[in-house]
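A.B. asks: Pasting the sequence and the predicted coordinates here, then a few questions.
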Amino acid sequence: MGYVDLHLHTTASDGVLTPSQIVRYAKAKGLQAIAITDHDTIEGLEEGLFEGEKIGFEVIPGIEVSAEHSPGSMHILGFFLDIHHSPLHEKLKYLQKARAERNPKILEKLNRLGIDITFEEVLRASGGGQVGRPHFANVLLEKKVVRNFQEAFDRFLKKGAPAYVDKFRFTPKEALHFINEAKGIAVLAHPNTLGIDQYSELEKLVLRLVGEGLRGIEVYYPEHSLSEVAQYETLAKRNGLLITGGTDYHGIEKNGLDIGVGRGEMKIPYSMVENLKALRNRVSGASS
């Protein structure tokens, strides 16, 4: 039985490997399948799927959508999307427009803080893909404004930091709806970023999301502690939700994180892909 990674980013959003490169890299690392889950875009999926077919490697078309949530942040993964679904394209165009409008505001704030940085430099860091905060972080690192990638977020780019700019997000209900409409399986990504400490409150939120179309929880994730993994696993099993896992690999990590294995502790079995497929088949069968 092989292993998989169900949370990966490419140059289509804020990763450093192209979709083709990440597919080849995953195969070279001995994985059996991956999901490409770029932020708010499916632009890299055709290339990734084509490369997978070419080299005989399974690629799952996915996405990671940012949804409106406070006090923390909520991201929703979608797996096995119909990438030709027109309403999905319309929704994502709206999100990409919101991202594009946010970037000059981040740049302006950094300049006001006395940091000499241009949009051309940030665009170069993106490799021509969708520009996001990690690309600003890369330029800050190159210019030695910060010592590491995380410091760029902590000092300047994270929520509440001086160069942070909020952006439009769909509500969780809207995000879940358009993922489901595109025949995707919606999974709550890394619940530890939600900013909810109490199990009862987390379960209340998850139950609400289930009512709106949530199908699973990303239990296995490099930033989850052992106690969080146990908590999220219990939550998923208690509520009949699928369990998934992935590294959230961008290719820019400096802390030993690698595709498929995290920091050496992860082994996500292929059975998780089989469970996703089984649910997809049940859902599509019920709606046909």
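C.D. replies: Arrived safely.
A.B. asks: Pull the contacting residues for residue 41.
C.D. replies: By Cβ atoms under 8 Å, 6 or more residues apart in numbering, the contact set of residue 41 is 12-13, 63, 92, 95-96, 130. For glycine as for every other residue, the C-beta is placed from the backbone atoms N, C-alpha and C.
A.B. asks: Going by neighbour count, list what's buried in the top helix by length along the chain.
C.D. replies: If you go by DSSP state H, the chain has its longest helix at helix 86-112. Neighbour counts over helix 86-112 (16 or more other Cβ atoms under 10 Å) mark 88, 91-92, 95-96, 98-99, 102-103, 106-107, 109-110 as buried.
A.B. asks: Tell me which other helices or strands that helix touches.
C.D. replies: In terms of contacts (3 or more Cβ pairs under 8 Å, 6 or more residues apart in numbering; DSSP states H and E), helix 86-112 is packed against strand 58-67, helix 119-126, helix 133-142, helix 172-181.
A.B. asks: which one of the ones you listed has the most crowded surroundings?
C.D. replies: Highest mean neighbour count of the helices and strands packed on helix 86-112: strand 58-67, a mean of 24 (counted as mean count of other Cβ atoms under 10 Å).
A.B. asks: just the angle between it and helix 86-112, please?
C.D. replies: Here the directions of strand 58-67 and helix 86-112 differ by 60 degrees (axes from the mean of the first three to the mean of the last three Cα atoms, to 10 degrees).
A.B. asks: Alpha carbons only: can I get strand 58-67 in PDB?
C.D. replies: Only the C-alpha atoms of strand 58-67 are listed here, as PDB (Å, rounded to 0.1, in the frame of the first residue of the first chain):
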ATOM      1  CA  GLU A  58      -2.400   9.700 -10.000                       C
ATOM      2  CA  VAL A  59      -3.300  13.400  -9.600                       C
ATOM      3  CA  ILE A  60      -6.400  14.500  -7.800                       C
ATOM      4  CA  PRO A  61      -7.900  17.800  -9.000                       C
ATOM      5  CA  GLY A  62      -8.300  20.000  -5.900                       C
ATOM      6  CA  ILE A  63      -8.400  23.400  -4.400                       C
ATOM      7  CA  GLU A  64      -8.000  25.300  -1.100                       C
ATOM      8  CA  VAL A  65     -10.600  28.000  -0.600                       C
ATOM      9  CA  SER A  66     -10.300  30.700   2.100                       C
ATOM     10  CA  ALA A  67     -13.600  31.200   3.900                       C
END
